[in-house]
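Asker: got a structure for you, letters missing:
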């Protein structure tokens, strides 16, 4: 029996060749696909890296300030009227009738001084006055008598003139003695110490029996009386702000003992001179003090509302650049390129500044410009894509003011 071959059968060697070719083709396809994916990923990475290399900035629009902001300065309260009371005569303190914190009226007795030496001087002066008056009366009688005798030629004209002159001298001595008595009486009035005006006693530095030596250069005040119904407020205003504070204006102030409460004071005068050592000018204000809640000598914080400056543009202080080229701001032109502009500050408000020159309302100012930014650099505004399509709007400078 002989072997018979099937016409459609394939030899095993050919099957293996076909399988190898198919595997090779598949490997080529896989390699090609992987290369394409890697090339695309590399291109995307390059695009992303280039996009990230463009700085992203935030822009703001300068605005014309509606107000000049607030100027906060330390100040102090003083009595509207303050009088230290000193002794005018020597002696010993006999009694005192008021103490610190007492409210007094004008003319009210504060204390009395015992003046034994002055009392004796006054008695002697009155005796001298009485003696001078007696001498003057006798001289007057003699002068009149001698004047009557002159008509009968019993005495000479010279003797009459002598008597008349003696009377004139005695009258002058009476006037001198009377003036001495009046002086001592006036001095005696100072033995009673009275309040010069309505107010409150803020100091008492004496006691009963204390030696009062009015002639000593080191003698201390006995009392201090202050008028506190109305207070004066003093504050030193920097020279650059002095023209903005004018008489007739108002200011608010706060004190530590009343947190959260504001009091009002009126500007009544300026020193019209700048202190060379501090560069400030002294401003005086007045404030009502109903209920005497505020105390003289207290420190206060004054708050002045400043007017807006003409032509000023307000931007946040974070937009300023200060380097070797001076004070500048970075802006964006229509092509999205950086342009630096020199500016001058007209007023510093802390977190914002008013620019006096160098900016226009149409400028787009870069807020917090990144380091290394150069003239002509391309940047991307926060809220836009790499093609420059806007996804948001820039902030107003008022948000920073």
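Answerer: Cool, the structure landed. All values reported here derive from a predicted model rather than from experimental measurement.

Asker: C-alpha from now on. contacts and neighbour counts both.
Answerer: OK.

Asker: enumerate every residue touching the residue positioned nearest the centre of the chain.
Answerer: Here the mean C-alpha position of the chain is nearest to the C-alpha of residue 73 (C-alpha atoms, centre = their mean), at a distance of 2.4 Å. Residue 73 makes contact with 235, 236, 237, 301, 302, 303 under the criterion C-alpha atoms under 8 Å, 6 or more residues apart in numbering.

Asker: cool, residue 89 as well?
Answerer: Counting by C-alpha under 8 Å, 6+ apart, residue 89 makes contact with 115, 187, 188, 190, 191, 212, 213, 214.

Asker: narrow these to those in helices?
Answerer: 187, 188 (DSSP state H).

Asker: which member of the contacts of residue 89 is positioned nearest residue 55?
Answerer: residue 214 (81.4 Å; C-alpha to C-alpha).

Asker: correct me, but that closest one touches residue 87?
Answerer: Yes. Using C-alpha atoms under 8 Å, residue 214 is in contact with residue 87, at 5.7 Å.

Asker: neighbour count: those two, which is higher?
Answerer: Neighbour comparison, residue 214 and residue 87: the larger count goes to residue 87, with 21 against 15 (by other C-alpha atoms under 10 Å).

Asker: where does residue 149 sit: helix, strand or coil?
Answerer: helix (DSSP: H, G, I helix; E, B strand; the rest coil).

Asker: spatially nearest residue to it (excluding sequence neighbours)?
Answerer: Leaving aside its chain neighbours, residue 149 sits nearest to residue 155 (6.1 Å; criterion: C-alpha to C-alpha, 6 or more residues apart in numbering).

Asker: how close does that neighbour get to residue 163?
Answerer: Relative to residue 163, residue 155 is positioned 11 Å away (C-alpha to C-alpha, to the nearest Å).

Asker: next, show the common contact partners of these two.
Answerer: What both residue 155 and residue 163 touch, as defined by C-alpha under 8 Å, 6+ apart, is the set residue 146.

Asker: more neighbours, the two?
Answerer: Ranked by neighbour count (other C-alpha under 10 Å), residue 155 and residue 163 place residue 163 first, with 20 against 14.

Asker: I'd like the next helix or strand past whichever strand or helix holds the more buried one.
Answerer: Element membership of residue 163 [criterion: DSSP states H and E] is helix 157-189. Remark: after helix 157-189, the chain's next helix or strand is strand 192-194, criterion DSSP H and E.

Asker: show the average pLDDT along that following strand.
Answerer: Average pLDDT, strand 192-194: 95.

Asker: who does that strand touch, helix- and strand-wise?
Answerer: Counting by 3 or more C-alpha pairs under 8 Å, 6 or more residues apart in numbering; DSSP states H and E, the packing neighbours recorded for strand 192-194 are strand 109-114.

Asker: what angle sits between the strand it packs on and helix 157-189?
Answerer: 120 degrees (axes from the mean of the first three to the mean of the last three C-alpha atoms, to 10 degrees).

Asker: tell me the strands beside strand 109-114, with direction?
Answerer: Strand pairing for strand 109-114, using DSSP bridges, gives strand 91-96 (antiparallel), strand 192-194 (antiparallel).

Asker: tabulate these (TSV), appending mean neighbour count and distance to residue 230.
Answerer: Listed next are those as TSV, based on neighbours: other C-alpha atoms under 10 Å; distance: least, C-alpha to C-alpha, whole Å:
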stretch	mean neighbour count	distance to residue 230
strand 91-96	19	27
strand 192-194	19	22
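
Asker: now render those strands as JSON lines, adding distance to residue 202.
Answerer: Converted to JSON lines, these look like this (distance: least, C-alpha to C-alpha, whole Å):
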{"stretch": "strand 91-96", "distance to residue 202": "14"}
{"stretch": "strand 192-194", "distance to residue 202": "15"}
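
Asker: ok, which of those comes nearest residue 278?
Answerer: Taking C-alpha to C-alpha, strand 192-194 is the member of these nearest to residue 278, at 40.6 Å.

Asker: how about residues contacting the helix or strand that that closest one is followed by?
Answerer: Later in the chain than strand 192-194, the nearest helix or strand by DSSP H and E is strand 199-204. Contact with strand 199-204 is made by 98-105, 222-229, as judged by C-alpha under 8 Å, 6+ apart.

Asker: just the angle between strand 199-204 and strand 91-96, please?
Answerer: 130 degrees.

Asker: paired strands for strand 199-204, with orientation please.
Answerer: Partners of strand 199-204, by DSSP bridges, with direction: strand 103-104 (antiparallel), strand 223-238 (antiparallel).

Asker: for those, which one ends up most surrounded?
Answerer: strand 223-238 (a mean of 22; mean count of other C-alpha atoms under 10 Å).

Asker: and it, how far out from the chain's middle?
Answerer: 15 Å (C-alpha atoms, centre = their mean, to the nearest Å).

Asker: ok, stretch 328-346 next?
Answerer: Here stretch 328-346 is found 34 Å from its chain centre; the criterion is C-alpha atoms, centre = their mean.

Asker: give me the mean pLDDT for it.
Answerer: For stretch 328-346, the per-residue pLDDT averages 87.

Asker: other residues contacting that stretch?
Answerer: Counting by C-alpha under 8 Å, 6+ apart, 312, 319-322, 326-327, 353-359, 363-366, 369, 373-380 sit against stretch 328-346.

Asker: out of those residues, which end up buried?
Answerer: Buried subset of the contacts of stretch 328-346 (neighbour count, 16 or more other C-alpha atoms under 10 Å): 312, 319-321, 353-356, 359, 363-366, 369, 378-380.

Asker: restricted to strands, list these.
Answerer: Of the positions in the buried ones among the contacts of stretch 328-346, 320, 321, 353, 354, 355, 356, 364, 365, 366, 380 sit in strands, assigned by DSSP state E.

Asker: now, which of those residues sits nearest residue 151?
Answerer: residue 356 (101.1 Å).

Asker: okay then, goodbye and thanks.
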